[in-house]
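In: Got a predicted structure plus its sequence, pasted below:
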Amino acid sequence: MTSLAAFPSLCPCRLYRRPTTGLFRPSVACLVASLSSLSGGQGSKVPRRRSRRSDGAGKSMEDSVKRKLEQFYEGSDGPPLRVLPIGGLGEIGMNCMLVGNYDRYILIDAGIMFPDYDELGVQKIIPDTTFIKRWSHKIEAVVITHGHEDHIGALPWVIPALDQRTPIFASSFTLELIKKRLKEFGIFPTSRFKVFKCKKKFLAGPFEVEPIRVTHSIPDCCGLVLRCSDGIIFHTGDWKIDETPLDGKVFDREALEELSKEGVTLVGFLWTNTYFVICSTFYFFAPLRRYTTSSNLLLGFRMIIGYAHWITLL
């Protein structure tokens, strides 16, 4: 049986808890920011959000996080398949996640989060780039699912934190959006850009990656099938089933049917502007090997006005 490890937002950065009301439960968000934009200095234009916890409690939490990282994510003694969310859990935006096979990782997406109404003066909220830099020797590739800002907007900060040889994979349309964004910051890593096409497999870090066409509110969106000797991970990216997309590229159901026959170890569903009430701080991963090896079963989850509805496609 394949062993898995997945933890919500275990990056060693300052945490704060965003207030919520009604059906929406509190969720933990990770922030990395600088006060230089307020003081007139150089550097990131992202002001630092003060933790609502005491400094002592924050320090204890960071120490605890570091111990967990060393226990579960470093070395070859832990689970072979590893999922480390850096942002995007229980929050809208800042999608950024490490997926690895032992100590070899790829980074999926690097987005920003837009400030909420109670975050006056904050321009952008980005993932913890200090943590990404700390693990840059383990991150062998960046793979982008689509071109929305909550998936590519943090690249101007993330790319400088990575090794200079780390390739960046994206579809052609998404890559043009990335180039435009990076040009605004004077970043031109053109030799590192790699274009992928749906259904065309390529190697990224420890995985053989196969992009699958999904539909969303922007062209050229892809889900990612990640294959390695220890299992298969399917990351959907943002998606909806649109039978009449404007670009004519429909959701690839046939690819999912073929994938179900192959047998999937881990499935990650991603959606925008919804909250997972049952487990609001944990990314929805379901081990499906016992289902997909025996029948064509795809389990999905969506939220409508705070109520959970399971979708079962047989």
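Out: Sure, I can see it.

In: Three-state assignment for Leu175, please.
Out: helix (DSSP: H, G, I helix; E, B strand; the rest coil).

In: who's in contact with it?
Out: Leu175 makes contacts with 144, 193, 195, as judged by CB atoms under 8 Å, 6 or more residues apart in numbering. For glycine as for every other residue, the C-beta is placed from the backbone atoms N, C-alpha and C.

In: my guess is the first one contacts Thr174, does it?
Out: Yes. Counting by CB atoms under 8 Å, Ile144 sits close enough to Thr174 to count as a contact (5.6 Å).

In: you'd agree Asp150 is in a helix?
Out: Yes. Per three-state DSSP, Asp150 lies within a helix segment.

In: Could you give the number of residues near it?
Out: 23 (other CB atoms under 10 Å).

In: now swap in Gly223 and tell me
Out: 27.

In: again with Gly78
Out: For Gly78, the number of neighbouring residues by other CB under 10 Å comes to 16.

In: Can you pull out the low-pLDDT segments for the stretch 1-150 of the chain?
Out: Low-confidence regions of the stretch 1-150 of the chain, defined by pLDDT under 70, span residues 1-76.

In: isn't Asp150 right up against Glu91?
Out: No. Contact criterion CB under 8 Å: Asp150 and Glu91 do not qualify, at 9.9 Å.

In: Report the set of residues contacting both of the two.
Out: Here Asp150 and Glu91 share the contacting residues Met113, scored by CB under 8 Å, 6+ apart.

In: roughly how far apart are Cys96 and Gln164?
Out: 20 Å (CB to CB, to the nearest Å).

In: Which residue ranges of the stretch 51-200 of the chain form helices?
Out: 55-72, 129-134, 149-152, 155-161, 172-183 (DSSP state H, counting those that start in this stretch).

In: go on, the stretch 201-314 of the chain?
Out: 253-262, 289-292.

In: and Phe131, which of the ones you listed is closest to it?
Out: Closest to Phe131 of the helices of the stretch 201-314 of the chain, according to CB to CB: helix 289-292, at 30.4 Å.

In: Show the contacting residues for His137.
Out: Asp163.

In: Quick check: the gap between it and Leu162.
Out: 10 Å.

In: try Ser172
Out: According to CB to CB, Ser172 and Leu162 sit 22 Å apart.

In: Asp230: what's its closest spatial neighbour, skipping adjacent residues?
Out: Among residues not flanking Asp230 along the chain, Pro80 sits closest, at 3.9 Å (CB to CB, 6 or more residues apart in numbering).

In: Just to check, that neighbour is in contact with Thr265?
Out: No. Counting by CB under 8 Å, Pro80 does not reach Thr265; the two are 9.9 Å apart.

In: These two: which has the busier surroundings?
Out: Per other CB under 10 Å, whichever of Pro80 and Thr265 has more neighbours is Thr265, with 23 against 18.
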